[in-house]
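*Asks:* Show me the folded form of this:
(chains A and B)
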Amino acid sequence: MKTVFSVDDSPTARASVEYILSKAGYSVKQADDGSEAINLLKAKQEDVNLFLFDINMPNMNGIELTKEVRKIPKYRFTPILILTTESQESKKLEGKDAGASGWIVKPYEPDKLLSLINKFVGE
Amino acid sequence: MHKQYSAKYKSNIVTIFAGEFHASKSSDIFSTVLGSCIAVCLYDRVNGVRGINHFMLPFSKDSEGKKDFTLRNEEFEKRDLRYGIASMESLIAAVQKEGGDRRNLRAKVFGGGNVISGIRQSELSVGEKNIGFVKAFLRSERIPIESENVGGNYGRKMFFLKNNYAVFIKKVSIDSAVSQEELYFKQISDMKSNDDVTIF
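*Replies:* Numbering: from 1, shown residues only, chains lettered A, B, ... in the order given. Predicted coordinates:
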């Protein structure tokens, strides 16, 4: 089973992602802000097939988190998708420069989210 | 969104319309007119940030009649639901971007009036469903509701002040709120998927 690590400070957004992905056969791990996520990743080095990060989060935002995750050798090439209400091109460029693999603007269609994730990690 | 100085209130008044949201640290008065729509006033007293949104949540036919709406169920698959969630998420993100801290957020909830005429009668009790949704959402987000003025058979014109984060409500004829909402209903029904996917 493929694992998606979702980081979002919104419980509703996390629940939404968990519902959609678990129904599609993914295992979903979660954290509610960037610093919690990076601590977990550094400590456990668990297998993750794809990351989904929100941008606006307390303590460590999604862009900073992306940069930190890329510093961990194990996750250097793991796809990172940014899932956010932000849609400015300048923000997207920041995400790209930080090492993100893709960007999805909320609100999103569950099918499109799944299709993109499958594109990156599907069989 | 419309911003205009009011000599009467000696302040700028930022008026938002259905489908919009706004947040700032300014002392402007935020205003909107509600029928069955909902406006959430969200604020962080510690950091002096306020925001407001105005959304209409059309539910799927499958969920008609369900008053105990829960966010953790098949409703996530219903495309219609996303407008309410998107509006709330955008509002929270906007308040955070202005310097608000999620842990300090408090909410006041308004609207959800029961409109008798036209599309509302045939559609459902939109107001009740909106109220159910927004309360479930705020509970899920652990954002306390400090006050509310919802339901009833009237529209509301509301003013959200920086001073003490007070909200003043003026009851208005439901008809005066209807025209804006009908326009919004049309926008929703005409709305195409706004998915924006970028692969780097």
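*Asks:* hey, where'd the strands end up in chain B?
*Replies:* With DSSP state E, the ranges of strands along chain B come out as B:2-6, B:11-15, B:21-24, B:29-34, B:38-44, B:49-53, B:106-111, B:145-150, B:155-160, B:167-172, B:196-199.
*Asks:* low pLDDT regions in chain B?
*Replies:* Residues of chain B that meet the criterion pLDDT under 70 lie in B:57-83, B:115-124, B:178, B:181, B:184-195.
*Asks:* closest to chain A out of the strands of chain B?
*Replies:* Counting by Cβ to the nearest Cβ, chain A lies closest to strand B:196-199 out of these; the figure is 3.7 Å. Placement of C-beta: from N, CA and C, glycine included.
*Asks:* Pull up the pairing partners for the closest one, direction included.
*Replies:* Pairing partners of strand B:196-199, with direction, according to DSSP bridges: strand A:102-105 (antiparallel).
*Asks:* pLDDT of the strand it pairs with, averaged?
*Replies:* In this model, strand A:102-105 has a mean pLDDT of 92.
*Asks:* helices or strands up against the helix or strand bottoming out on mean pLDDT in chain A?
*Replies:* Here the helix or strand of chain A ranked lowest by mean pLDDT, DSSP states H and E is helix A:11-23, holding a mean of 86. The helices and strands touching helix A:11-23, judged by 3 or more Cβ pairs under 8 Å, 6 or more residues apart in numbering or on different chains; DSSP states H and E, are strand A:3-7, strand A:27-31, helix A:110-121, helix B:82-97, helix B:126-140.
*Asks:* give the contact list for residue A:50.
*Replies:* Listed by Cβ atoms under 8 Å, 6 or more residues apart in numbering or on different chains, the contact partners of residue A:50 are A:2, A:3, A:4, A:5, A:78, A:79, A:80, A:81, A:117, A:120, A:121.
*Asks:* okay, now the nearest residue to the last one once chain neighbours are set aside: neighbour count?
*Replies:* Nearest in space to residue A:121, with sequence neighbours left out and distances taken as Cβ to Cβ, 6 or more residues apart in numbering or on different chains, is residue A:49 at 4.5 Å. Per other Cβ atoms under 10 Å in any protein chain shown, the neighbour tally for residue A:49 reads 17.
*Asks:* so where's chain A shaky on pLDDT?
*Replies:* In chain A, residues with pLDDT under 70: A:123.
*Asks:* What parts of it come near chain B?
*Replies:* Neighbours of chain B within chain A, by Cβ under 8 Å from any Cβ of the partner chain: A:9-13, A:15-16, A:19-20, A:55-56, A:58, A:84-87, A:92, A:95-96, A:100-110, A:112, A:116, A:119.
*Asks:* Pull out the buried members of those residues.
*Replies:* Neighbour-count burial (16 or more other Cβ atoms under 10 Å in any protein chain shown) is assigned, among the residues of chain A next to chain B, to A:9-13, A:15-16, A:19-20, A:55-56, A:84-86, A:92, A:95-96, A:100-108, A:110, A:116.
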